[in-house]
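# Return atomic coordinates for the entry below.
(chains A and B)
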Amino acid sequence: MKPARLLRWYPRTWRERYGEELLALIQDTLDDGRPTWRLRLSVACGGLRERAYHAGHAGKAAVKRAGSRWPTILVAGLIFTNLPQQLKMSLPPARAGQATVALDVLAAVAAFTCVAVLAGGLAAWLAVFRFLRASGWLKIRRQVVWAAAATGPTAGALVALSLTLRSLSSAPLNVSLAGFLAFTATALALVITIGLWAAAVAATARHLKLTPRVRAVELVLGPVISTAVSVMVSASTIWFSATQASVPWLLVGIGQLVLLSTYAPWRIGRAARKGRRLRAAASGRTTINPSAQRTNGRHRA
Amino acid sequence: MAPSGLRKANDPPLLILVSLADGPKHGHALAKDIEDFAGVKLGPGALYGAITRLVERGLIEPLGSDDRRRPYQITPPGSAALAGALADMRRVTRAGLARLGLDPA
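Got it, this is the predicted structure:
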């Protein structure tokens, strides 16, 4: 076995930083001999430790990100778990207008979000095409296969649930335990599938070489889409408050919108300024590779 | 665990700091030096795992080099952490020797 192959045990970012040094040390230790089992074990254990360490750090970052969004997740979860009961309830007449407006806003923002996501994809399609032509598929196939595998059952469950709800629309919905579990499982499958596709998109984006102009567009679209999703959650909360005739839930929904109206413009503005700086800084360059930038930054640190 | 992460006498991070206390060294020189003064043979995986953590904590830093064998040097925080860890060990060592009746002082 070639000494260089031993480095496969280590994460890619670690290899980029320390790989050559470790290889030099292994070769100095070997003196042109073959790697002993003891040396292989030492390198393998070291590599696995680094992978565990990196995974731990990534996990902590993910928990931190999720932690900052817990109110949104909580509200969405409450609405999802209460939806079957709400579907069989007729709206109080005084709240019908509120529910209609909330649902209209929800539908409009959902349509806008779809357009924004498609725009983000279209802006980067050329870079994606080049990436795939350069054997990029091998780098993302695991994430895409997982996401595709999850999509089939989730789509099936959604269609089944939709047909069931439609058949029950003229009659009170029987909220049995089985129905509740089916609804919860479908919602969970949907969340997992969206998460897997998001991971696949993130994995692809890490490898793309975007022009400064496209990178600036993507930088702005990120907070715009995130804001749109938050508005959808707020609209859902207000609709939910109408079905419940609940003033506290209405205040929660309005509070979310007030917070968004102050936070979102600042966040989008910051992304726009960053995009402008990026384009100005890259005036002498043609492409920007975000993963390379991150790696270089870490090296300097 | 101590704030510096240095716990016991045969910890790879502690051995690396002791080895770098008298000047910069690259990986192979570190491994040989540690084997000489401590009798501990560190494998490449253990050595570079410890180097990675020490660099992250700012206790050692790489020196510029065109060679693949990049040397490392101890930083002022690294020196302070090493001094603290050695002082702790000296206190324990003195207490142990005194209780065994082996302390000449």
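# where along chain B do the helices fall?
B:12-20, B:27-38, B:44-56, B:76-100 (DSSP state H).
# Which of those helices sits closest to residue B:66?
Closest approach to residue B:66 among those (C-beta to C-beta): helix B:27-38, 15.9 Å. C-betas here are computed from N, CA, C, even on glycine.
# Find the nearest non-adjacent residue to residue B:33, please.
What sits nearest to residue B:33 in space, not counting adjacent residues and going by C-beta to C-beta, 6 or more residues apart in numbering or on different chains, is residue B:19, at 4.6 Å.
# quick one: contacts for the one you found?
Residue B:19 makes contacts with B:25, B:30, B:33, B:34, B:37, as judged by C-beta atoms under 8 Å, 6 or more residues apart in numbering or on different chains.
# ok, of those residues, which come out buried?
B:25, B:30, B:33, B:34 (16 or more other C-beta atoms under 10 Å in any protein chain shown).
# Which single one of those is nearest to residue A:24?
residue B:30 (12.3 Å).
# mind checking pLDDT for the residue nearest to residue B:33?
Residue-level confidence at residue B:19 comes out at 94, pLDDT.
# what does chain B have sitting close to chain A?
Within chain B, the positions adjacent to chain A are B:26-28, B:31, B:43-49, B:51-52, B:67-70 by C-beta under 8 Å from any C-beta of the partner chain.
# do you know how far residue B:43 is from residue A:19?
Distance of residue B:43 to residue A:19, computed by C-beta to C-beta, to the nearest Å: 16 Å.
# swap that for residue B:72, sorry
Residue B:72 sits 16 Å away from residue A:19 when distances are taken as C-beta to C-beta.
# Between the two, which is the more surrounded one?
Using other C-beta atoms under 10 Å in any protein chain shown, the more surrounded residue of residue B:72 and residue A:19 is residue B:72, with 23 against 16.
# Leaving out sequence neighbours, find the closest residue to the more buried one.
That would be residue B:60: by C-beta to C-beta, 6+ apart, it lies 4.9 Å from residue B:72.
# which residues sit in contact with that neighbour?
Residue B:60 neighbours (C-beta under 8 Å, 6+ apart): B:16, B:17, B:20, B:51, B:54, B:72, B:73, B:74, B:75, B:78.
# which one of these is nearest chain A?
residue B:51 (7.5 Å; C-beta to the nearest C-beta).
# you'd agree the closest one is up against residue B:27?
Yes: with contact defined as C-beta atoms under 8 Å, residue B:51 and residue B:27 form a contacting pair (7.4 Å).
# Which residue of those two possesses the greater neighbour count?
residue B:27 (26 against 23).
# Please identify the one among the contacts of residue B:19 that lies nearest to residue A:261.
The closest of the contacts of residue B:19 to residue A:261 turns out to be residue B:30 (C-beta to C-beta; 57.4 Å).
# now the longest helix along chain A: how far from the chain's centre is it?
When chain A is parsed with DSSP H, its longest helix is helix A:247-281. When distances are taken as C-alpha atoms, centre = their mean, to the nearest Å, helix A:247-281 is centred 18 Å away from the chain's centroid.
# and what of stretch B:35-51?
Worked out by C-alpha atoms, centre = their mean, stretch B:35-51 lies 10 Å from the chain centre.
# And the contacts of it?
The contact list for stretch B:35-51 (C-beta under 8 Å, 6+ apart) reads A:18, A:21-22, A:25-26, A:29, A:38-39, A:41-47, A:49-50, B:9-13, B:15-16, B:18-19, B:27, B:30-31, B:34, B:60, B:72.
# Listing request: residues of the stretch 101-250 of chain A with sub-threshold pLDDT.
A:162, A:165-177, A:179 (pLDDT under 70).
# what about the residue of it found nearest chain B, which helix or strand?
Going by C-beta to the nearest C-beta, chain B is nearest to residue A:206 of the stretch 101-250 of chain A, at 21.9 Å. In the assignment (DSSP states H and E), residue A:206 maps to helix A:177-207.
# buried residues in that helix?
For helix A:177-207, the buried set under the neighbour-count rule, 16+ other C-beta under 10 Å, comprises A:179, A:182-183, A:186-187, A:189-190, A:193, A:196-197, A:199-201, A:203-205, A:207.
# do the same with stretch A:263-272
Quick answer for stretch A:263-272 (16+ other C-beta under 10 Å): A:264, A:268, A:271.
# isn't the last one right next to residue A:215, touching?
No: the pair residue A:271 / residue A:215 is not scored as a contact, 11.0 Å apart, by C-beta under 8 Å.
# Overlap in contacts, these two.
In contact with both residue A:271 and residue A:215: no residue, using C-beta under 8 Å, 6+ apart.
# What ranges does the stretch 1-150 of chain A have for its helices?
For the stretch 1-150 of chain A, the helices defined by DSSP state H, counting those that start in this stretch occupy A:3-6, A:12-30, A:37-68, A:70-87, A:96-123, A:125-131, A:137-167.
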